[in-house]
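*Asks:* Predicted coordinates and the sequence they were generated for:
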Amino acid sequence: VQLVESGGGLVQAGGSLRLSCAASGSTFSINAMGWYRQAPGKQRELVAAITSGGGSTNYADSVKGRFTISRDNAKNTMYLQMNSLKPEDTAVYYCNAAGYGSSWRVEYWGQGTQVTVSS
């Protein structure tokens, strides 16, 4: 599975951005997808996750009510709509896809896209 992110950039505080993650390859093996971010000097953290059917989502407390994760399985693409951005949202955002069974798990990562929020 290959993952390619796009949509990052520079935005002022209070603005919006939409990230996209296009998946290719053995996408049938993906059970769940998510967005992670890593700010300078900090550990990578989960931002939001979504199940394969899109029926279940999960958000970090810091982004609840501001970010929305979604996916279009027909296009093999996942999105992260980010509204009311804050300077503390500045980070490299990574797309993640996971396939798992009762005794195995495999994860795939994109190359990351930079999001910078100016105050």
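*Replies:* Good, I have the coordinates.
*Asks:* Quick one: the strands in this protein, in order.
*Replies:* In order along the chain, the chain carries the following strands (DSSP state E): 2-6, 9-12, 17-24, 32-38, 45-51, 57-59, 67-72, 77-82, 91-100, 105-109, 113-118.
*Asks:* List the contacts of the spatially closest residue to residue 115 that is not a sequence neighbour.
*Replies:* Spatial nearest neighbour of residue 115, chain neighbours left out: residue 8 (4.8 Å); criterion: C-beta to C-beta, 6 or more residues apart in numbering. Bear in mind the C-beta positions are built from the backbone N, C-alpha and C, glycine included. Counting by C-beta atoms under 8 Å, 6 or more residues apart in numbering, residue 8 touches 17, 19, 93, 113, 114, 115.
*Asks:* One more: residue 56?
*Replies:* Going by C-beta under 8 Å, 6+ apart, residue 56 touches residue 50.
*Asks:* Model confidence for it, exactly?
*Replies:* You'll see residue 56 listed with a pLDDT of 93.
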